[in-house]
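*Asks:* Please find the sequence and the predicted model below.
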Amino acid sequence: MFDFSVVTGWIDNFLTNTCGMAPWLTTTIECVLVAVCLLLMYTVLAMFYIMYERWVCAWFQCRRGPLRVGPWGLFQIFADVIKMLIKEVITLWGTDKFLHKLAPYFVIVASMLVFACLPWGKGLQAIDFNVGIFFMMAASSLGVVGILLAGWSSNSKYTLIGAMRSGAQMISYELSIGLAMLTIVCLAGTMSVNGLVEAQSDTWFIFKGHVPAFIAFVIYVIAATAETNRGPFDLPEAEHELTAGYHTEYSGIHFGFFYLAEYLNLFIVSGIAALLFLGGWQPLHVIGWDGFNAAMDYIPSSLWFLGKAIFVSFIIIWFKWSFPRVRIDQMLALEWRYLMPIGLVNLVVMAVLVSYKLYFGN
Amino acid sequence: MVLLAIGSSTLSVTAALTGVVLVAAALIIAGLLAPRSFTQKKGETYECGIPTRGDSMAQFHVGYYLFAILFLMFDVETVFLFPWAKVTRALGPAALPAAGTFLFILILGLAYAWKKGALRWK
């Protein structure tokens, strides 16, 4: 399988040895390169996801989806971006101007930080902390701050209610995400993203960990749906009650940032699900089937990761068209009375399983 | 990066700056492209289309506050659990009673909140 660290190593070697640059200059250039790659991936994936969601939604509703702009409606997204860019960014009376302008930064920076931690392929990963998965959880919770600021500073009752609902929902479901992550950290014995992926080289964690890993996966997917404010948990932006929720008073590209972050967060939670449960960029290996495993190794690692993330996103989009929107009391009851106790007990079961080495593989 | 000899902290600062640059650049482009006009009506709060009444930064349900406090408690517990989870494999069965006691107290706390009716949306 192709190792991307060959490429990055070559760039590093080229800058230091061939060009003979000072270490600080090399670091600066490499940081700029990483930033450009992140920016490109971020925007391209956001564009892809906006189209992807439309296509999947159209498919579920027996519609044809975007069709008019370009072949198969491919240029629709460019039309949308240009439309957003050439709209005026309005500053309203009575808004807290500083906080109103600050909110999109929080939302975008939070998703960018988590985005940079994802394992894109073999040797292709920007940030690799030894506490990687914990860092991801911490960074993603910054997004709540942005949403609360947006709702509070907008000087509108609907945005305030939307932001409060969103805040309550995101912090509640973050606990379940944390417990699902803990279950997997228990099984893996490492918190680094690279270590988690390497640990799944024989079998993915969802197969390795018997029933508890599967329960953790289900809990994670439900909590991730709520974390990204998507249907059936889209009550923060319930359009018939609150117009558009916390971003009602944003216009033009200012609204576009929330839109962008929402789709990127869908990709990020799917990517984390792929990383924790479905093996990250590791190909599908079945213990004992050597020929099959060798054939699977030919598929590039990046394709495996993207494929898994897109598959999980498909499930999350599917939820939206299968379940009606929940009420706030049902939403909180689901988390605190069901997912949270189940998650805690699940963690205990996993700890027993790991202590007595009852999992599959090594 | 895994191979490049840059620290993760430097790279996370880079990622955060990338986010800031993305927002700032898009705002500058929008500022150049977008038209600008000023009317009295434009600056009014949109809300749902009709003029708003009363103060907008109003009081809201206290229930949100209750759940925020509960979240704070359990989130700190999660932070305590992470180091334990990392070493479960290495420690083996001998460490189970201690961790079990901690988790039991945690579940007890949840049960108490439940019994008190804190988990019910009123």
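*Replies:* In hand now; what should we look at?
*Asks:* Show me where chain B has its helices.
*Replies:* Here chain B has its helices, by DSSP state H, at B:8-33, B:63-91, B:96-115.
*Asks:* would CSV of these with distance to chain A and mean neighbour count be doable?
*Replies:* Any C-beta I mention is one placed from the backbone N, CA and C, and that applies to glycine too. What follows is the helices of chain B, written out as CSV (distance: least, C-beta to the nearest C-beta, whole Å; neighbours: other C-beta atoms under 10 Å in any protein chain shown):
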stretch, distance to chain A, mean neighbour count
helix B:8-33, 4, 17
helix B:63-91, 4, 16
helix B:96-115, 5, 14
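*Asks:* Rebuild the ones you listed as TSV, extending it with mean pLDDT.
*Replies:* Shown next, in TSV, are the helices of chain B (pLDDT from 0 to 100):
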stretch	mean pLDDT
helix B:8-33	86
helix B:63-91	86
helix B:96-115	87
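*Asks:* would you list these in TSV and tack on distance to A:Ile86?
*Replies:* Shown next, in TSV, are the helices of chain B (distance: least, C-beta to C-beta, whole Å):
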stretch	distance to A:Ile86
helix B:8-33	5
helix B:63-91	38
helix B:96-115	51
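*Asks:* Out of those helices, the one nearest A:Asp202 is which?
*Replies:* With C-beta to C-beta, the closest approach to A:Asp202 among those belongs to helix B:63-91: 15.2 Å.
*Asks:* so what's residue 66 up against?
*Replies:* Because you didn't say which chain, this covers chain A. By C-beta atoms under 8 Å, 6 or more residues apart in numbering or on different chains, the contact set of A:Pro66 is A:51, A:54-55, A:58, A:72-73, A:76.
*Asks:* if you could check chain B rather than the one you did, that'd help
*Replies:* With C-beta under 8 Å, 6+ apart, B:Leu66 has these contacts: B:Ala118.
*Asks:* Next SSE downstream of the lowest-mean-pLDDT helix or strand in chain A?
*Replies:* Lowest by mean pLDDT, DSSP states H and E among the helices and strands of chain A is helix A:239-242, with a mean of 70. Beyond helix A:239-242 on the C-terminal side, the first helix or strand identified by DSSP states H and E is helix A:252-276.
*Asks:* Around chain B, pick out the residues from the stretch 251-362 of chain A.
*Replies:* Listed as neighbours of chain B in the stretch 251-362 of chain A under the rule C-beta under 8 Å from any C-beta of the partner chain: A:252-254, A:256-257, A:328-329, A:332-333, A:336-337, A:340-341, A:344-345, A:347-348, A:351-352, A:354-356.
*Asks:* what bits of chain A have low per-residue confidence?
*Replies:* A:238-240, A:362 (pLDDT under 70).
*Asks:* what about the longest helix in it?
*Replies:* Max-length helix for chain A by DSSP H is helix A:23-60.
*Asks:* In this model A:Val326 seems to touch A:Leu235, though I could be wrong.
*Replies:* Yes - in terms of C-beta atoms under 8 Å, A:Leu235 counts as a neighbour of A:Val326; the distance is 6.8 Å.
*Asks:* For the two, work out which one has more neighbours and name it.
*Replies:* A:Leu235 (24 against 18; other C-beta atoms under 10 Å in any protein chain shown).
*Asks:* quick revisit: can you lay out the contacts of A:Pro66 as CSV showing neighbour count and distance to A:Trp281?
*Replies:* Shown next, in CSV, are the contacts of A:Pro66 (neighbours: other C-beta atoms under 10 Å in any protein chain shown; distance: C-beta to C-beta, whole Å):
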residue, neighbour count, distance to A:Trp281
A:Met51, 20, 24
A:Arg54, 17, 27
A:Trp55, 17, 25
A:Ala58, 15, 30
A:Trp72, 13, 29
A:Gly73, 18, 30
A:Gln76, 19, 30
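*Asks:* residue contacts, B:Tyr112?
*Replies:* Taking C-beta under 8 Å, 6+ apart as the definition, B:Tyr112 has no contacts.
*Asks:* could you redo the last one with a cut-off of 10 Å?
*Replies:* For B:Tyr112, the contact set (C-beta atoms under 10 Å, 6 or more residues apart in numbering or on different chains) comprises B:Ala118.
*Asks:* what residues are up against the residue nearest the centre of chain A?
*Replies:* Most central in chain A under C-alpha atoms, centre = their mean is A:Ile268, positioned 1.3 Å from the mean C-alpha point. Neighbouring residues of A:Ile268 by C-beta under 10 Å, 6+ apart: A:45, A:110-115, A:117-118, A:136, A:139-140, A:143, A:224, A:227-228, A:261, A:309.
*Asks:* Make a ChimeraX selection of the buried ones in the residues of the stretch 251-362 of chain A next to chain B.
*Replies:* Those of those that count as buried under 16 or more other C-beta atoms under 10 Å in any protein chain shown are selected in ChimeraX with:
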select /A:252,253,254,256,257,328,332,333,336,340,344,347,348,351,352,354,355
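*Asks:* circling back: need the overlap of contacts for A:Leu235 and A:Val326.
*Replies:* Shared contacts of A:Leu235 and A:Val326, defined by C-beta under 10 Å, 6+ apart, comprise A:169, A:226.
*Asks:* tally of neighbours for A:Leu196?
*Replies:* So A:Leu196, with other C-beta under 10 Å, has 24 neighbours.
*Asks:* List the buried residues for the helix or strand that contains it?
*Replies:* Per DSSP H and E, A:Leu196 falls inside helix A:193-198. Buried residues in helix A:193-198, counted by 16+ other C-beta under 10 Å: A:193-194, A:196-197.
*Asks:* Just put those in CSV and tack on distance to chain B.
*Replies:* Putting the buried residues of helix A:193-198 into CSV (distance: C-beta to the nearest C-beta, whole Å) gives the following:
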residue, distance to chain B
A:Val193, 10
A:Asn194, 6
A:Leu196, 11
A:Val197, 11
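*Asks:* quick one: which of these is nearest A:Asn293?
*Replies:* A:Asn293 lies nearest to A:Val197 out of those, by C-beta to C-beta, at 16.5 Å.
*Asks:* now residue 16, nearest residue through space, not along the chain?
*Replies:* Picking chain A for this. In space, and not counting its chain neighbours, A:Thr16 is closest to A:Thr26: 5.4 Å by C-beta to C-beta, 6 or more residues apart in numbering or on different chains.
*Asks:* I was after chain B.
*Replies:* A:Val109 (5.2 Å).
*Asks:* hey, where'd the helices end up in the stretch 201-350 of chain A?
*Replies:* Taking DSSP state H, counting those that start in this stretch as the test, the helices found in the stretch 201-350 of chain A are A:205-208, A:210-227, A:239-242, A:252-276, A:290-296, A:301-322, A:328-333, A:340-355.
*Asks:* tell me the angle the last one makes with helix B:63-91.
*Replies:* Same thing as helix A:340-355. 10 degrees (axes from the mean of the first three to the mean of the last three C-alpha atoms, to 10 degrees).
*Asks:* ok so, going back, the helix holding A:Leu196: how far from the chain's middle?
*Replies:* Mean-position distance between helix A:193-198 and its chain equals 17 Å (C-alpha atoms, centre = their mean, to the nearest Å).
*Asks:* what does stretch A:232-241 give?
*Replies:* A distance of 20 Å separates the centroid of the chain from that of stretch A:232-241, by C-alpha atoms, centre = their mean.
*Asks:* Just the CA coordinates for that stretch, please, in CSV.
*Replies:* Output of stretch A:232-241 as CSV, limited to C-alpha atoms (Å, rounded to 0.1, in the frame of the first residue of the first chain):
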residue,chain,number,x,y,z
PRO,A,232,-34.3,14.1,13.4
PHE,A,233,-32.4,16.2,15.9
ASP,A,234,-32.7,19.5,13.9
LEU,A,235,-34.9,21.3,16.4
PRO,A,236,-32.3,24.1,16.8
GLU,A,237,-33.2,25.1,13.3
ALA,A,238,-36.7,23.8,13.1
GLU,A,239,-37.8,25.9,10.2
HIS,A,240,-41.5,26.1,10.9
GLU,A,241,-40.9,27.3,14.5
